[in-house]
Structures are given as C-alpha cells and as structure tokens.
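Colleague: with the input below, show me the fold.
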Amino acid sequence: MKKEFNIPIAFTTDVNAAAYGEYVAGAGKGLSSCVYYTIGTGVGAGAIQTGSFIEGFSHPEMGHMIVKRHPDDSFEGSCPFHRDCLEGMAAGPTIEKRAGKKGQEVAEDDPIWTIEAYYVAQAAYNTTLMLAPDVIILGGGVMKQRHMLPKVHHEFEKLVNGYVKIPPLEQYIVTPALEDDPGTIGCLALAKNELQKL
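Modeller: Model prediction:
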C-alpha cells in the first residue's frame, strides 16, 4: 500500500482499532487505560495504556485464554485450536450450537445466558487481575443482548469474591459508548495521529 499510495499508513488489528476508538471518543475517553473485547463471531480484545497498545512480539490474543468450564455446561467447545478456550465457549456461534438457534432467538431467561455470562465474566476477571485497567468494554454482537451486562456483573462479582477493590461495576464493565462505530472512529483517530507526525 505504501508503494502505491504516498501517504502515512497505520496498521493494527480490528479489535485494537475498536479499543482505540473507545479510548479517544467513547467509554475510555479521559482515562489512562482500557481493554475492549469484541464477543461475536469470534472473541478478541485490545488493551491500551496511556495511548499505546499493549503488545510485544505480536498483538494479544485474549480471546483464546483458558477458562474454567461452567458446571452445567456439557458443550465441548468450538475453537479449532483449543476447543474450550474463551472463544470456543463464548463466541456467538457457540450459542447457536448449544441452543440450535441464533442468539437473538434465545429467550432472555434461558440458562444458556448464565453460562455465557460466566465465561465473559472470567475474561473480565482475568483482565482485572492481570492489567487492572480503568475500564473494560464489552462489545460485539453477543453483548447487544441488553440483559447480558447485568448477568456478567453478577458472575464477575462472584468470581472476584471481594479479593480486590474495584470501581462500581456500572462504570467499570460497560458496553461500547460508540455502539457500532468504535472501529471506524478508531481507524480515523489512528490516521489522524499519522498525519500529525508529518
């Protein structure tokens, strides 16, 4: 692309871009750090500390962290690499495989959602203990189910069990302030950063 277009170009992952969008203009605005998860067709996450992505030899693959199986969950997992990692147990397609229908067709009181919340809460729990970000943002199609966030809060509180002091959950574990647009806004913000370097 640089060969064809003589313009500044920034590269990152889709979920990093969404994290950056929320960091500069959404739920992470004005904070020093944030972690953004997308829970949809797959599960991925981006982490930002003082304006920079947290990464080393490569970008993080938080969607493939190992999670403890819910006692009532007999689903074997759908990740082709790890079977029952976070993505294998919590991505949108696993809901459909468990229920035999798409997530938006599953009733709010179906026990599947408690199982789903348990896995998502584990991601937030692990993130809290490893990175202690100012905010954890849960995006993606699964989190468009408005009843999911309170369930995640409930499961998260049980997992933490008073071990660490955390901010009020309504401010700490949230859905995207930018709704469907954090990735687009993040890309534009990253492009703007490149232009400012000229």
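Colleague: now do residue 102 against residue 179, distance only.
Modeller: According to C-beta to C-beta, to the nearest Å, residue 102 stands 20 Å off from residue 179. To be clear about C-beta, it is placed using only N, CA and C from the backbone, and glycine gets the same treatment.
Colleague: burial check on residue 146, number of neighbours?
Modeller: 9 (other C-beta atoms under 10 Å).
Colleague: contacting residues for it?
Modeller: By C-beta atoms under 8 Å, 6 or more residues apart in numbering, the contact set of residue 146 is empty.
Colleague: any idea how far the most centrally placed residue in the chain lies from residue 72?
Modeller: Closest residue to the average C-alpha location of the chain: residue 37 at 0.9 Å, with C-alpha atoms, centre = their mean. To residue 72, residue 37 is 23 Å away according to C-beta to C-beta.
Colleague: about what we covered before: on the three-state scheme, the residue nearest to the centre of the chain is what?
Modeller: Three-state call for residue 37 (DSSP: H, G, I helix; E, B strand; the rest coil): strand.
Colleague: I figured it hits residue 60, correct?
Modeller: No - here residue 37 lies out of contact with residue 60, judged by C-beta atoms under 8 Å, at a distance of 11.0 Å.
Colleague: who touches both of those two?
Modeller: residue 45.
Colleague: which residue ranges form the helices in the protein?
Modeller: Ranges of helices in the chain, per DSSP state H, are 14-25, 86-90, 92-99, 111-131, 148-160, 169-172, 182-196.
Colleague: now those in CSV, please, with extra columns for mean neighbour count, distance to residue 42 and mean pLDDT.
Modeller: Putting those into CSV (neighbours: other C-beta atoms under 10 Å; distance: least, C-beta to C-beta, whole Å; pLDDT from 0 to 100) gives the following:
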stretch, mean neighbour count, distance to residue 42, mean pLDDT
helix 14-25, 26, 9, 98
helix 86-90, 28, 5, 98
helix 92-99, 18, 8, 94
helix 111-131, 21, 13, 98
helix 148-160, 18, 17, 98
helix 169-172, 14, 24, 98
helix 182-196, 17, 14, 94
